[in-house]
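Q: sequence first, then the predicted structure:
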Amino acid sequence: MTISAEPIASFANFGRARVMRWSFAAAVLVAMIGTPNTADARGVRRAGAYDGTWNVVFVTRVGNCSSTNSVPFTVWGHRVSSAGGGKVTGGISASGVVSVRISVGLSAASGSGRLVGNSGSGWWRGIILGDRCSGSWQATRG
């Protein structure tokens, strides 16, 4: 078996900058292979007890607002968001305590309450088309 000195000589001729570039590229490659993609890591989770689409009916008790409105919400993990129409942000605890903020144009409202199983209820208040209003809400999943 004969070992050629050419590959060793070629490596010795690498300048410091080339060695640094190769070292950096190797480190990046190791990091990419050895570290799981954070998006994949977040995508793997257990289904939340309240995951799904909820139909929420708002009833006005105080103020000059529409007497009832229905809005679909989506629950995914500990987040509450819109399932169609308006901007909905909020959260839900493992025990079902929910808090949300809804905005549509210049109208905004906030609410809180609790979900249990496939239903829930709570209170809301806000300024709807310039009028201060408040009331209750009822939710059903499905």
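A: That came through fine.
Q: contacts for the strand or helix carrying residue 58, please.
A: Element membership for residue 58 (DSSP states H and E) is strand 52-62. With contact meaning CB atoms under 8 Å, 6 or more residues apart in numbering, strand 52-62 is reached by 66-75, 83, 109, 111, 115, 120, 124, 132-142. Glycine gets a C-beta too; all of them are placed from N, C-alpha and C.
Q: drop anything exposed from those.
A: 69, 71, 73, 75, 83, 109, 111, 115, 120, 124, 133-135, 137-139, 141 (16 or more other CB atoms under 10 Å).
Q: taking those residues one by one, which sit in helices?
A: Among the buried ones among the contacts of strand 52-62, DSSP state H puts none in helices.
Q: can you report how many residues lie near residue 118?
A: 12 (other CB atoms under 10 Å).
Q: correct me if wrong: it contacts residue 96.
A: No - contact criterion CB atoms under 8 Å: residue 118 and residue 96 do not qualify, at 11.2 Å.
Q: right, and residue 91 touches residue 99 too?
A: Yes - the pair residue 91 and residue 99 passes the contact test of CB under 8 Å, sitting 6.1 Å apart.
Q: tell me the buried residues in the strand holding residue 58?
A: 54, 56, 58, 60.
Q: and that strand, which strands flank it?
A: Using DSSP bridges, the strands paired with strand 52-62 are strand 68-76 (antiparallel), strand 131-141 (antiparallel).
Q: could you identify the most distant pair in the buried residues of strand 52-62?
A: 54 and 60 (19.5 Å; CB to CB).
Q: packing partners for the one helix or strand residue 103 maps to?
A: Assessed by DSSP H and E, residue 103 sits inside strand 97-104. In this structure, strand 97-104 makes packing contacts with strand 87-92, strand 107-116, strand 119-128, judged by 3 or more CB pairs under 8 Å, 6 or more residues apart in numbering; DSSP states H and E.
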